[in-house]
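> Build the 3D model from these lines:
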Amino acid sequence: MSKSNQRPTELNPLFKLAVDLGPLLLFFFVNSRWGIFAATGIFMAATILSIVITYLVAHRIAVMPLVSAVVVMVFGGLTLYLQDEIFIKLKPTIIYSMFAAILFAGLWTGRSLLALVFDSLFHLDAEGWRKLTWRWAIFFVLMAVANEIVWRSVSTDTWVAIKTFGFVPATILFAIAQAPLIAKHAVPQKD
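Down below sits the predicted model:
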């Protein structure tokens, strides 16, 4: 098979979950032992490692993890360089806001950019992609607002715990809750 015809390897869902959540769980653990600055450094290193591992196994890197990694490097770097934890606390707000803006821009221009991200996982009709895009865009706005409220009103350790054990499960539950919409608008694929 020629390299141009070679399809990217599909990742085992448990492997993908471990690679995606590993840096965040390390961030939580290191923060609980050595504080936010050590946790930020480990989070940055683990994020790069997860991108490299994903590329080595799947021969591609998805857009969302790559964008997240860039933001982690920028805001993590600012946190460490300036010794100010506000930058790492802003990172989720920036990522959620950026994803929401991109999805809303796609809707405004009549394109579902979400379809580009998820098309390899499932195939929907145009109305399904439009509805799913609206839902995810609104969800990301709500998550950005939630992060702003949380980091401004609780301790750093509590924010890290809520980020790890509140925001991640909320995102997973939201994704699962979209199953009826996905099933209703699924388009069968021809082999």
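
> pull the longest helix from the protein.
Longest helix of the chain, by residue count under DSSP state H: helix 126-153.

> Check what pLDDT residue 12 gets.
What the model reports as pLDDT for residue 12 is 74.

> how near is residue 19 to residue 10?
Separation of residue 19 from residue 10 (C-beta to C-beta, to the nearest Å): 13 Å. Yep, even glycine has a C-beta here, placed from its N, CA and C like the rest.

> higher neighbour count, the two?
residue 19 (21 against 10; other C-beta atoms under 10 Å).

> List the buried residues of whichever strand or helix holds the more buried one.
Here residue 19 is covered by helix 13-34, with elements defined by DSSP states H and E. Within helix 13-34, the residues that count as buried by 16 or more other C-beta atoms under 10 Å are 16, 19-20, 23-24, 26-28, 30-31.

> what do you get for stretch 42-57?
42-44, 46-47, 50-51, 54.

> do stretch 56-70 as well
For stretch 56-70, by 16+ other C-beta under 10 Å, it's 58, 62, 65, 68-69.

> And for stretch 76-84?
76, 78-80.

> now those as JSON lines including pLDDT?
Below are those laid out as JSON lines (pLDDT from 0 to 100):
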{"residue": "76", "pLDDT": "94"}
{"residue": "78", "pLDDT": "95"}
{"residue": "79", "pLDDT": "95"}
{"residue": "80", "pLDDT": "96"}
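
> where's the residue lying closest to residue 113 once chain neighbours are set aside relative to residue 36, distance?
Distance criterion C-beta to C-beta, 6 or more residues apart in numbering; nearest residue to residue 113, sequence neighbours excluded, is residue 106 at 3.6 Å. Distance, residue 106 to residue 36, using C-beta to C-beta: 35 Å.

> Tell me which of these two has more neighbours.
Using other C-beta under 10 Å as the criterion, residue 106 and residue 36 rank with residue 36 on top: 22 against 19.

> how close does that one get to residue 68?
For residue 36, the distance to residue 68 - C-beta to C-beta - is 19 Å.

> Tell me where this protein is predicted with low confidence.
For the chain, applying pLDDT under 70 flags the ranges 1-9, 11, 118-120, 190-191.

> Go again with 90.
The chain contains residues with pLDDT under 90 at 1-21, 54, 57-68, 110-124, 126, 186-191.

> Helices of that one, start to end?
13-34, 36-58, 63-82, 86-108, 113-118, 126-153, 156-162, 168-177, 179-184.

> tell me which strands and helices the first one is in contact with?
When you say that, I think you mean helix 13-34. helix 36-58, helix 156-162 (3 or more C-beta pairs under 8 Å, 6 or more residues apart in numbering; DSSP states H and E).

> Other residues contacting that helix?
11, 38-40, 42-43, 46-47, 49-50, 53-54, 57, 65, 72, 156-157, 160-161, 163-165, 168 (C-beta atoms under 8 Å, 6 or more residues apart in numbering).

> Format the CA atom coordinates belonging to it as CSV.
Output of helix 13-34 as CSV, limited to C-alpha atoms (Å, rounded to 0.1, in the frame of the first residue of the first chain):
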residue,chain,number,x,y,z
PRO,A,13,-10.9,4.1,22.8
LEU,A,14,-9.3,3.2,26.2
PHE,A,15,-5.8,4.0,24.9
LYS,A,16,-7.1,7.3,23.5
LEU,A,17,-8.8,8.1,26.9
ALA,A,18,-5.6,7.3,28.8
VAL,A,19,-3.5,9.5,26.4
ASP,A,20,-6.0,12.3,26.6
LEU,A,21,-6.6,12.2,30.3
GLY,A,22,-3.1,11.2,31.4
PRO,A,23,-1.6,14.8,31.4
LEU,A,24,-4.6,16.1,33.4
LEU,A,25,-4.4,13.4,36.0
LEU,A,26,-0.7,14.0,36.4
PHE,A,27,-1.4,17.7,36.7
PHE,A,28,-3.9,16.9,39.6
PHE,A,29,-1.5,14.5,41.3
VAL,A,30,1.6,16.7,41.1
ASN,A,31,-0.4,19.8,42.2
SER,A,32,-1.5,17.9,45.3
ARG,A,33,2.1,17.0,46.2
TRP,A,34,4.3,19.8,45.0
